[in-house]
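[1] predicted model, plus sequence, below.
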Amino acid sequence: MDNQFKLLQERLLEELAKVKTMNELHETKALFLGKKSPIQELFARMKDLSIEEKKTLGQKVNWFKNYVEEAIAKKAEALEQAQIIAQLESEAIDVSLAGIAFSLGNKHPLTKMTEEIEDIFIGMGYAIAEGPEVELDLYNFEMLNLPKGHPAREMQDSFYIDGNTLLRTHTSPVQVRTLLAAKQQPVKIICPGKVYRRDYDDATHSHQFMQIEGLVVDRGITMSDLKGTLTVLMQKMFGSSLEVRFRPSFFPFTEPSVEVDVTCFKCKGHGCSLCKNGGWIEVLGAGMVHPQVLKMSGYDPNEFQGFAFGIGIERLTMLRYGIDDIRHFYTDDLRFLKQF
Ligand code: PHE
């Protein structure tokens, strides 16, 4: 009898060594403990034995059952482990493989210019404001001292959405929005953004372009603050040897108004094709905020003064890099864009 168990034990170990899957394991278990297994046969034979024999056989059978169950459980655990390891191996990523290289793009020249100007003004304590591109006639014109029918509206031919709404023709409506929101507190902001005019597109005009508006309102602001600020801006952008000239001009929302020129950075003022032999290049419009504009937005012009300016970003970028056609900015030609 003992010999029989030994044989069974050996067979079990042999069978288990061959098992590779959970299914096979279940089959093996059935083979040794199931209905047709030798163990059941032994049980069946037990009724013919004496009590003493039954007892010893019963003990042996139980011992063997436990033995089989333990061996099966151990094997199940080993199979699970092996399966996890196999899965980990099959899902492993070879980090040493060469990857697919994506060529890195670069920022659009207009974005770069905008960010550069923003950095200069942030360094001087300005906040960055924003406003909508679909704007009320009220903010784009009326509250900037350009009432309906004012001839200066014609300088900025417009896309109207309806009688009261248009695509903003400049970033100046953000002046009004900022003043209304600040409720008689000092303000110091710049606002970059897109603007729209009903221009024919040619080498220097586009129906959509970008500006940066600047507005400072506080007590005791004078024209020299305006001059100093814009001189710093121009010298930071184009070099400190450059001179800045302020020429009288007209905007309905500033008084006095100026056009700002810088020494031509191509010929250093001697005269060339870029500056049309004048030695100067016009870069932006500016002025002292008109008292009427301050009043309309709730500020007392006897207490508050301010200055404002509007920079054409395309124009400045074209001057800086010697770009001869504004349309290069919008056609997304990589041969152009990759140069910046
Ligand atoms: N908004 C004016 C333009 O687009 C520029 C400007 C801004 C002038 C602020 C003076 C003050 O032409």
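    That came in fine, so what should we check first? Numbering: from 1, shown residues only.
[2] is the nearest residue to Ile117 once chain neighbours are set aside in a bridge, and if so with what?
    Once flanking residues are discounted, Ile117 sits nearest to Ile212: 5.6 Å by Cβ to Cβ, 6 or more residues apart in numbering. The C-beta positions use only the backbone N, C-alpha and C, and glycine is treated the same way. Under DSSP bridges, the beta-bridge partners of Ile212 are Pro192, Ile311.
[3] Ile212 against Arg315, yeah?
    No. Ile212 lies out of contact with Arg315 (Cβ atoms under 8 Å); the separation is 11.2 Å.
[4] neighbour-wise, which of those two wins?
    More crowded of Ile212 and Arg315, by other Cβ atoms under 10 Å: Ile212, with 23 against 19.
[5] against the ligand, how distant is the more buried one?
    Here Ile212 is placed at a distance of 10 Å from the ligand (Cβ to the nearest ligand atom, to the nearest Å).
[6] go on, Pro291?
    14 Å.
[7] over to Ile161?
    Between Ile161 and the ligand the computed distance is 19 Å (Cβ to the nearest ligand atom).
[8] ok, and the closest non-adjacent residue to that residue?
    By the measure of Cβ to Cβ, 6+ apart, the closest residue to Ile161 outside its immediate chain neighbours is Val134, 6.3 Å from it.
[9] state the distance from Leu16 to Gly34.
    15 Å (Cβ to Cβ, to the nearest Å).
[10] quick one, what contacts the residue nearest to Ile117?
    Residues counted as contacts of Ile212 (Cβ atoms under 8 Å, 6 or more residues apart in numbering) are 114, 117-118, 171, 190-192, 310-311, 313.
[11] quick check, pLDDT for it.
    Listed pLDDT for Ile212 reads 98.
[12] could you do Lys54 as well?
    You'll see Lys54 listed with a pLDDT of 85.
[13] how many neighbours does it have?
    Neighbour number of Lys54 under other Cβ under 10 Å is 13.
[14] then the one 3 residues further on?
    Leu57 is flanked by 16 other residues according to other Cβ under 10 Å.
[15] does it touch Leu42 like I think?
    Yes. Applying Cβ under 8 Å, one finds Leu57 in contact with Leu42, separated by 6.7 Å.
[16] strands of the stretch 51-200 of the chain, residue ranges please.
    127-128, 134-136, 160-162, 165-167, 187-196 (DSSP state E, counting those that start in this stretch).
[17] that should have said the stretch 201-340 of the chain, apologies.
    Under DSSP E, counting those that start in this stretch, the stretch 201-340 of the chain gives strands at 208-218, 244-251, 254-263, 280-289, 305-312.
[18] with only the CA atoms kept, save the first one in PDB.
    This means strand 208-218. Taking Å, rounded to 0.1, in the frame of the first residue of the first chain, the C-alpha atoms of strand 208-218 are listed here in PDB:
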ATOM      1  CA  GLN A 208      -6.000  92.200 -40.400                       C
ATOM      2  CA  PHE A 209      -2.900  93.200 -38.500                       C
ATOM      3  CA  MET A 210      -1.600  93.500 -34.900                       C
ATOM      4  CA  GLN A 211      -1.100  96.400 -32.500                       C
ATOM      5  CA  ILE A 212       0.200  97.000 -29.000                       C
ATOM      6  CA  GLU A 213      -1.700  99.700 -27.200                       C
ATOM      7  CA  GLY A 214      -0.200 101.400 -24.100                       C
ATOM      8  CA  LEU A 215      -2.000 103.500 -21.500                       C
ATOM      9  CA  VAL A 216      -0.800 105.200 -18.400                       C
ATOM     10  CA  VAL A 217      -3.200 107.300 -16.400                       C
ATOM     11  CA  ASP A 218      -2.200 108.800 -13.000                       C
END
